[in-house]
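Engineer: need a structure here:
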Amino acid sequence: MIYTVTFNPSLDYIVSVENFKVGVINRTKSEQILAGGKGINVSTVLTNLGVQNTALGFIAGFTGAEIERALNAHGCLTDFIKIPEGMSRINIKLRSNEESEINGQGPVIGDSELKQLNEKLSILNEDDILVLAGSIPNTMPDSIYEEILEKLENKKMKVVVDATGDLLVNVLKYHPFLIKPNNHELGEIFGKVLKSNDEIIKYAKELQKMGARNVLISMAGDGAIFVTEDGKTFESPAPKGKLVNSVGAGDSMVAGFLTGYLKEGDYKFAFKMGISAGSASAFSEELATEQEVQNILKSLTF
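Structural biologist: Model prediction:
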């Protein structure tokens with residue numbers, strides 16, 4: 001079973017406005033409300049691809065109830081911890097001439113709720129895959145990912161981490177199965193501006209020296225690079241298509257990669273599935289469907 005953890009789930013209110021202007025009333029052209037958060041996005045795309053998984057995390061208030069309802073209606077399994085006070089956040093995604101976002105804060109997660117999460121994770125075993133994805137609320141310690149992996153170190157399960165900065169760097173010593181920084185996040189870790197694929201590959205291998213097993217680097221319109229634990233490197237330009245929605249594309253790449261890996265146990269195929277799922281979400285109003293992923297997969301020639 002794959003388990004995803006989202007510490008700060010959201011309801012994403014996605015609005016399209018033609019020629020948005022500051023300081024005046026703007027009218028929406030279209031609106032959507034979707035359950036969001038990086039781990040939740042991974043769960044949604046896994047479900048779309050026919051891979052059973054369980055979404056874990058923390059929810060609160062009427063927004064939290066809607067997040068759970070929406071996921072269950074979509075066919076996702078959930079096992080959220082309910083926080084008695086506050087409400088899950090609402091994130092506003094504004095699409096106009098440019099994309100803008102306003103992200104809410106979310107509820108305060110206390111020690112008792114963290115204990116409940118650790119109890120749920122303690123039953124996982126080496127046959128399971130754990131996905132830790134996204135930011136954490138500012139009320140939580142920056143060491144939370146590290147603390148979780150320390151407790152699970154002897155479980156020998158595959159762990160995927162999609163996070164930035166110290167959240168990511170501090171868990172490398174626990175040898176995560178897969179990490180997925182984008183090229184800008186990779187450069188920020190080392191205080192560099194990475195200008196070529198060779199530089200990206202060089203620093204991806206530095207993360208491997210620090211403990212990561214496999215490093216998948218998303219590069220938006222420039223494609224993706226994958227450095228495997230067995231010394232292989234795969235590079236791919238971005239598939240051709242019109243960018244419609246960048247939200248969730250990286251999370252979809254993680255879901256696609258895991259789907260491909262579970263299906264064939266082959267890193268090259270997993271990489272191709274990851275690219276296909278990430279691109280399919282980027283080219284769609286919502287997260288990638290199986291048919292959209294398959295259509296792009298057929299077009300890849302490497």
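
Engineer: excluding residues flanking it in the chain, which one is nearest Asn214?
Structural biologist: Distances taken as CB to CB, 6 or more residues apart in numbering place Leu178 nearest to Asn214, at 4.7 Å, with adjacent residues excluded. In this view, the C-beta of every residue, glycine as well, is placed from N, C-alpha and C.

Engineer: specify the local secondary structure of the spatially most central residue of the chain.
Structural biologist: What sits nearest the mean C-alpha location of the chain, by CA atoms, centre = their mean, is Asp251, with 3.2 Å. Following DSSP: H, G, I helix; E, B strand; the rest coil, we place Asp251 in the helix state.

Engineer: and it, how far from Val17?
Structural biologist: Separation of Asp251 from Val17 (CB to CB, to the nearest Å): 25 Å.

Engineer: contact partners for the residue lying closest to Gly221 once chain neighbours are set aside?
Structural biologist: Nearest residue to Gly221 in three dimensions, chain neighbours excluded: Ala238, at 5.2 Å (CB to CB, 6+ apart). Applying CB atoms under 8 Å, 6 or more residues apart in numbering, we find Ala238 in contact with 219-224, 275, 279.

Engineer: tell me the secondary structure for Ala238?
Structural biologist: Assignment for Ala238 (three-state DSSP): coil.

Engineer: got phi/psi on it?
Structural biologist: For Ala238, the backbone dihedrals (degrees, to the nearest 10) come out as phi -70, psi 140.

Engineer: for it, report the pLDDT, please.
Structural biologist: pLDDT for Ala238: 87.

Engineer: same check on Asn154?
Structural biologist: 88.

Engineer: tell me the secondary structure for it?
Structural biologist: Applying three-state DSSP: Asn154 is helix.

Engineer: neighbours of it, how many?
Structural biologist: Number of residues near Asn154 (other CB atoms under 10 Å) recorded here: 8.

Engineer: ditto for Lys115
Structural biologist: Counted with other CB under 10 Å, the neighbours of Lys115 add up to 11.

Engineer: host element of it?
Structural biologist: Using DSSP states H and E, Lys115 maps to helix 111-121.

Engineer: quick one: average pLDDT of whichever helix or strand comes after that helix?
Structural biologist: Using DSSP H and E, the helix or strand that follows helix 111-121 towards the C-terminus is strand 129-133. For strand 129-133, mean pLDDT is 96.

Engineer: what does stretch 67-76 give?
Structural biologist: Stretch 67-76 carries an average pLDDT of 96.

Engineer: can you pull out the strands in the stretch 151-300 of the chain?
Structural biologist: 158-162, 178-179, 214-218, 224-227, 233-236 (DSSP state E, counting those that start in this stretch).

Engineer: which one is Leu49 nearest to, not counting chain neighbours?
Structural biologist: The shortest distance from Leu49 to any non-neighbouring residue, by CB to CB, 6+ apart, is to Thr259 (4.6 Å).

Engineer: report pLDDT for the one you found.
Structural biologist: So, for Thr259, pLDDT stands at 98.
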